[in-house]
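Trainee: What follows is a predicted protein model with its sequence.
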Amino acid sequence: MGSVHKVADVKVLQGYRLDLTFDDGKRGVVSLSHLVGKGVFSAWTDYSVFKGVRIGAAGELVWGEQVDLCPDALYLRATHQSPEEVFPSLRREHARA
């Protein structure tokens, strides 16, 4: 299953933050500073690597060949919406007795 939302534009801000615009026109800023130096994100300790972000074919964010971030997860963080708001099929119907 593909992503519901795709990143349409990305601007790198100071402090490992990204200003994201999505294909539905919504926009928001996400901080990724909590990931710097951990696992595959260790490459980001060189800020020029972080600044090399690009948008992949599926609307994800990509850094080289090792790091990509899901556009749906970014959308949730950037728009401050819950998964149930973005993906209505996640809402549980109340059982009827």
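Mentor: That came in fine, so what should we check first?
Trainee: ok, L74 - contacts?
Mentor: 7, 20, 30, 61 (CB atoms under 8 Å, 6 or more residues apart in numbering). C-betas here are computed from N, CA, C, even on glycine.
Trainee: which stretch of helix or strand covers it?
Mentor: helix 71-79 (DSSP states H and E).
Trainee: next structured bit after that helix?
Mentor: helix 83-86.
Trainee: which outside residues touch that following helix?
Mentor: Contact partners of helix 83-86, identified using CB under 8 Å, 6+ apart, comprise 4-5, 72, 75-76, 79, 90-91.
Trainee: average pLDDT for it?
Mentor: Helix 83-86 shows a mean pLDDT of 78.
Trainee: Of the contacts of L74, just say which sits nearest to S42.
Mentor: Taking CB to CB as the measure, S42 lies nearest L61 of those, at 17.1 Å.
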